[in-house]
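*Asks:* I'd like to go over a predicted model; first the sequence, then the structure.
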Amino acid sequence: MRLSSLSPEAARQQRRDRWRRGRAAAQTLRSAFPRLEQIRVDLSFKDATTCTPAEQSHVLHPPARAFFEFPCPYADCDGQFDLNAAATSVLASSAHHAEGEIECPGVRARDRMGRQACHLRALYKFTADYQRETDA
């Protein structure tokens, strides 16, 4: 078992830096998927608690980075929802709609009970709009 010597704030900063580097390294949507006009990502959440986070909606246009990682909405969680593979699959096939569900892999410090798995589930929905193909 490996113990982390990082403080909670240092660990959060390390995760933010890793997220920023990943986003900066991603291609733009325009380069990766030239026919894409926009993609909308809707996230809703399911949890066993009564305080489920609010829904989120993200609309990305061609100049945006093709980067689909979203932090867990719980402030005390160190996880994120990595939807890069799902988004790439949708966009590579030129599908207009896709949906699925993913569980947060993060860990939370809950109510003096120590660190426990988050288990928040995100239901995601992609809606993509493409340029029409012109007749040559």
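*Replies:* Done, it's in.

*Asks:* which parts of the chain are strands?
*Replies:* In the chain, strands defined by DSSP state E lie at 36-46, 56-60, 69-71, 80-82, 97-103, 107-109, 115-117, 121-130, listed in chain order.

*Asks:* residue 120 against residue 72, yeah?
*Replies:* Yes. Taking C-beta atoms under 8 Å as the definition, residue 120 is a contact partner of residue 72 at 6.1 Å. From N, CA and C alone the C-beta is placed, and that goes for glycine too.

*Asks:* overlap of the contact sets of these two?
*Replies:* 79, 104 (C-beta atoms under 8 Å, 6 or more residues apart in numbering).

*Asks:* low-confidence ranges in this structure?
*Replies:* Scanning the chain for pLDDT under 70 picks out 1-8, 110-114, 134-136.

*Asks:* apply 50 and report the result again.
*Replies:* Counting by pLDDT under 50, the low-confidence segments of the chain come to 1, 135-136.

*Asks:* may I ask you to name the longest helix in it?
*Replies:* Ranked by number of residues, the top helix in the chain under DSSP state H is helix 8-25.

*Asks:* mind checking the end-to-end distance for stretch 30-40?
*Replies:* Stretch 30-40 has its terminal residues 15 Å apart, counting by C-alpha to C-alpha, to the nearest Å.

*Asks:* mind listing what's buried in it?
*Replies:* Residues 33, 36, 39 are the ones in stretch 30-40 that count as buried (16 or more other C-beta atoms under 10 Å).

*Asks:* which of those residues lies closest to residue 64?
*Replies:* Nearest to residue 64 among the buried residues of stretch 30-40: residue 39, at 8.7 Å, using C-beta to C-beta.

*Asks:* run through the bridge partners of the closest one.
*Replies:* Residue 39 has the following beta-bridge partners by DSSP bridges: residue 60, residue 128.

*Asks:* does it touch residue 124 like I think?
*Replies:* No. Residue 39 is beyond contact range of residue 124, at 11.6 Å (criterion: C-beta under 8 Å).
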